[in-house]
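**Student:** only geometry, no sequence info:
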């Protein structure tokens with residue numbers, strides 16, 4: 001059955017010519033425009049078929065579509081699947097199943113396994129998890145302090161950070177124990193484009209050292225000392241080093257944890273002999289209140305984690321060298337407790 005001759009309006013002709021010339025359009029869209037232009041110019045099916053390498057059925061289909069809907073008829077049409085919409089009931093079902101956890105012996109859901117159990121698509125589970133910020137594959141540890149005086153001790157230390165006593169020195173002190181002097185048995189392969197630095201699997205252990213560090217909260221400078229062990233004697237000796245670094249008579253506040261070596265008779269005797277020194281003990285399981293722990297994480301990343309140490313002496317030398325270089329550009333940590341809804345009111349420290 002003939003479909004009649006195609007007659008183009010001037011705007012239609014301009015648009016079809018634009019499509020036929022457009023290099024950025026899909027080949028199929030260009031081909032449809034050329035079919036209609038050739039039909040409107042009076043070319044036969046045979047001529048069009050040979051010129052565009054297409055069938056008579058192809059020409060008839062797009063001629064019919066154009067005559068029925070004009071330019072809109074040349075657009076592609078795909079039936080596709082019905083648009084899926086998330087419902088509150090569907091989201092609640094996914095969230096409840098996620099919260100309850102799997103019953104197949106695994107510890108947490110994957111989107112694939114949960115989708116299979118619920119009889120829905122994996123992408124549906126992933127979208128709901130992403131929307132509500134749920135990440136079953138991740139977990140975080142925590143430690144709750146059981147110190148009955150937690151708030152009073154925390155407020156005392158926070159007060160030292162926020163409003164330190166005038167003309168007093170504030171030091172955060174701790175020891176990083178059992179630092180291993182590891183030496184690689186195989187050479188390190190340096191990084192290169194597309195490849196990370198590679199370390200051999202085997203290593204030789206030369207022993208361990210402990211690093212005592214005191215962070216000056218005003219300046220960010222660090223006083224460091226390495227020892228073979230971390231005992232009360234070594235701790236008292238390090239306190240003496242801190243006192244020696246300050247002008248005579250200056251008030252010194254030490255923030256330290258509750259390690260037994262920090263509370264021995266030797267420590268009490270040192271404090272009695274140095275009345276300008278006062279130790280503020282953090283609550284139990286609250287090392288996050290001690291700023292030197294932040295600095296320990298830095299030296300762990302910068303030196304220890306990927307370091308190669310041929311002996312304990314080499315380890316000690318590299319740790320002290322790092323501290324000296326760090327102090328050249330040291331700045332204080334801008335320590336703050338971000339959760340304003342649970343903020344602990346600081347206690348204003350007073351002179352001894």
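**Tutor:** On my side now, so go ahead. Note that the coordinates shown come from a computational prediction; the quantities given were computed from them, not determined experimentally. Residues are numbered from 1 along each chain as shown.

**Student:** mind listing what's buried along stretch 256-271?
**Tutor:** Using 16 or more other Cβ atoms under 10 Å as the burial criterion, the residues of stretch 256-271 that qualify are 256, 257, 261, 262, 264, 266, 267, 270, 271. The C-beta positions use only the backbone N, C-alpha and C, and glycine is treated the same way.

**Student:** just checking, residue 12 touches residue 72?
**Tutor:** No. Between residue 12 and residue 72 there is no contact under Cβ atoms under 8 Å: 11.1 Å.

**Student:** which of those two has more neighbours?
**Tutor:** Per other Cβ atoms under 10 Å, whichever of residue 12 and residue 72 has more neighbours is residue 12, with 17 against 9.

**Student:** now that one: which helix or strand?
**Tutor:** Using DSSP states H and E, residue 12 maps to helix 10-21.

**Student:** what packs against the following helix or strand past that helix?
**Tutor:** Counting by DSSP H and E, the next helix or strand C-terminal to helix 10-21 is helix 27-40. Other elements packing on helix 27-40 under the criterion 3 or more Cβ pairs under 8 Å, 6 or more residues apart in numbering; DSSP states H and E are helix 10-21, helix 45-52, helix 56-69.

**Student:** and of those, who's closest to residue 314?
**Tutor:** Nearest of the helices and strands packed on helix 27-40 to residue 314, taken as Cβ to Cβ: helix 10-21 at 72.2 Å.

**Student:** what angle separates the closest one from helix 56-69?
**Tutor:** With axes from the mean of the first three to the mean of the last three Cα atoms, to 10 degrees as the basis, helix 10-21 and helix 56-69 are set at 140 degrees to each other.

**Student:** how about helix 10-21: buried residues?
**Tutor:** 12, 15, 16, 19, 20.

**Student:** adding mean pLDDT, write the helices and strands packed on helix 27-40 out as CSV.
**Tutor:** CSV is the format used below for the helices and strands packed on helix 27-40 (pLDDT from 0 to 100):
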stretch, mean pLDDT
helix 10-21, 87
helix 45-52, 88
helix 56-69, 87
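
**Student:** now those as TSV including distance to residue 151?
**Tutor:** Putting the helices and strands packed on helix 27-40 into TSV (distance: least, Cβ to Cβ, whole Å) gives the following:
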stretch	distance to residue 151
helix 10-21	73
helix 45-52	82
helix 56-69	75
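
**Student:** of the buried residues of helix 10-21, which pair is most distant in space?
**Tutor:** Distances among the buried residues of helix 10-21 were taken as Cβ to Cβ; the most separated pair is 12 and 20, at 12.4 Å.

**Student:** residue 254 versus the residue lying closest to residue 270 once chain neighbours are set aside, what's the distance?
**Tutor:** Spatial nearest neighbour of residue 270, excluding adjacent residues (Cβ to Cβ, 6 or more residues apart in numbering): residue 236 at 5.0 Å. Per Cβ to Cβ, to the nearest Å, residue 236 is found 12 Å from residue 254.

**Student:** thank you, goodbye.
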